[in-house]
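Colleague: next come a sequence and a model predicted from it.
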Amino acid sequence: MALGALGSVLGGSPLENLLRQLMAVAAPAVAVPLALGLSPARALGPFAASPRQIAGAALIGASWWVFALLCVLPLAQAVLPSDDGELARVAKSLLGDRPHPAAVLVGVVAAPAIAEELLFRGLLTGAVWRRYGPVVAVAASSVLFSLFHPPAPRMLLALTNGIILGVVFVRSGSVVASMVTHAVHNAMVLLIVPALTGADGQSGDLVPADTPLIPALPLTVAAATILIGFRGLGHTKRDDFRAEDKMTRLR
């Protein structure tokens, strides 16, 4: 997700990020199943998602950034060493030269959502879920997801983002649903971060020091929206996931 990944994965131009995502994330996600003699469609799925699940996933992506910005980010800035202004500078590197909106949509919003979800949710979470269940699967993939987004402050953001994305995946039983949550979240962050950091990209923190840690109204609205989103995802049991996996294998 963008708040957790702006510095390490989304740095550089949209084109550079697209190439990085293809080579460093999507390619290994496809190569591992092939090396094991598995169908990528089987190992990286299931992909099917209903319109209700897509809508629920979009609601979660459109609302989770409020918690990330108002709760997780201030905590990370308070307890972990950080380079003040780093995320602001990265945001400027992404948007400062006014790239074409299509380049931003593909290279910054869609590419990380598709590539990272294939690897961390489709491949890793799915493999662990089949064997050990959803709790272990979400925990393990979230830790790995955070290690993919150093340094420490972004790792804490990525850890919480990974948990949300993992829960979206296991509840919906669809990697497409987690892709939608991821992409919408990226889009929201890219709209919000420049407004908070300023046009010069030199502001120190994304969240000013005098910002209350828990503003009640936005968090309440965001929490209600997220709950509605999760209800829209339904609830996929591990047996249902295995059955879908078996159907994919037989095709």
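Modeller: The structure has been received and is ready for your questions. Numbers count the residues shown, from 1 in each chain.

Colleague: hey, let's count contacts and neighbours off CA atoms from now on
Modeller: OK.

Colleague: got the contact list for Val168?
Modeller: Residues in contact with Val168 (C-alpha atoms under 8 Å, 6 or more residues apart in numbering) are 57, 177-178, 181, 230, 233.

Colleague: now Gly37: phi and psi?
Modeller: phi 80, psi 20 (degrees, to the nearest 10).

Colleague: next helix or strand past the lowest-mean-pLDDT helix or strand in the chain?
Modeller: When each helix and strand of the chain is scored by mean pLDDT, DSSP states H and E, helix 2-5 comes last, with a mean of 44. The C-terminal neighbour of helix 2-5 among helices and strands, as given by DSSP states H and E, is helix 14-21.

Colleague: which parts of the stretch 1-150 of the chain are helices?
Modeller: Per DSSP state H, counting those that start in this stretch, the stretch 1-150 of the chain has helices spanning 2-5, 14-21, 27-35, 40-44, 51-67, 73-79, 86-95, 101-104, 111-116, 126-132, 134-147. These are given in chain order.

Colleague: so which elements touch the fourth one?
Modeller: Here helix 40-44 is seen to pack against helix 27-35, helix 126-132, helix 238-250 when contacts are counted using 3 or more C-alpha pairs under 8 Å, 6 or more residues apart in numbering; DSSP states H and E.

Colleague: how about a cut-off of 7 Å?
Modeller: In terms of contacts (3 or more C-alpha pairs under 7 Å, 6 or more residues apart in numbering; DSSP states H and E), helix 40-44 is packed against helix 27-35, helix 238-250.

Colleague: ok, back up a step: out of the contacts of Val168, name the ones that lie in helices.
Modeller: Members of those lying in helices (criterion: DSSP state H): 57, 177-178, 181, 230, 233.

Colleague: most neighbours among these, please name it.
Modeller: Among these, the one with the most neighbours (other C-alpha atoms under 10 Å) is Ser178, at 34 neighbours.

Colleague: distance check, that residue against Pro101.
Modeller: Distance, Ser178 to Pro101, by C-alpha to C-alpha, to the nearest Å: 23 Å.

Colleague: hmm, back to that, could I get the contacts of Val168 as JSON lines with distance to Asn161?
Modeller: Converted to JSON lines, these look like this (distance: C-alpha to C-alpha, whole Å):
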{"residue": "Ala57", "distance to Asn161": "13"}
{"residue": "Ala177", "distance to Asn161": "14"}
{"residue": "Ser178", "distance to Asn161": "11"}
{"residue": "Thr181", "distance to Asn161": "10"}
{"residue": "Phe230", "distance to Asn161": "15"}
{"residue": "Leu233", "distance to Asn161": "17"}
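
Colleague: rank the helices and strands packed on helix 40-44 by pLDDT, which is bottom?
Modeller: Per-stretch averages of pLDDT across these put helix 238-250 at the bottom, with a mean of 52.

Colleague: shaky segments in the stretch 51-200 of the chain?
Modeller: Scanning the stretch 51-200 of the chain for pLDDT under 70 picks out 81-99, 193-200.

Colleague: again, 50 this time
Modeller: Applying pLDDT under 50 to the stretch 51-200 of the chain flags the ranges 199-200.

Colleague: contacting residues for Gly234?
Modeller: Contacts here follow C-alpha atoms under 7 Å, 6 or more residues apart in numbering; on that basis Gly234 touches 171-172.

Colleague: the same query, at a cut-off of 6 Å, please.
Modeller: Taking C-alpha atoms under 6 Å, 6 or more residues apart in numbering, we find Gly234 in contact with Ser172.

Colleague: check Arg52 too.
Modeller: Counting by C-alpha under 6 Å, 6+ apart, Arg52 has contacts Gly232.
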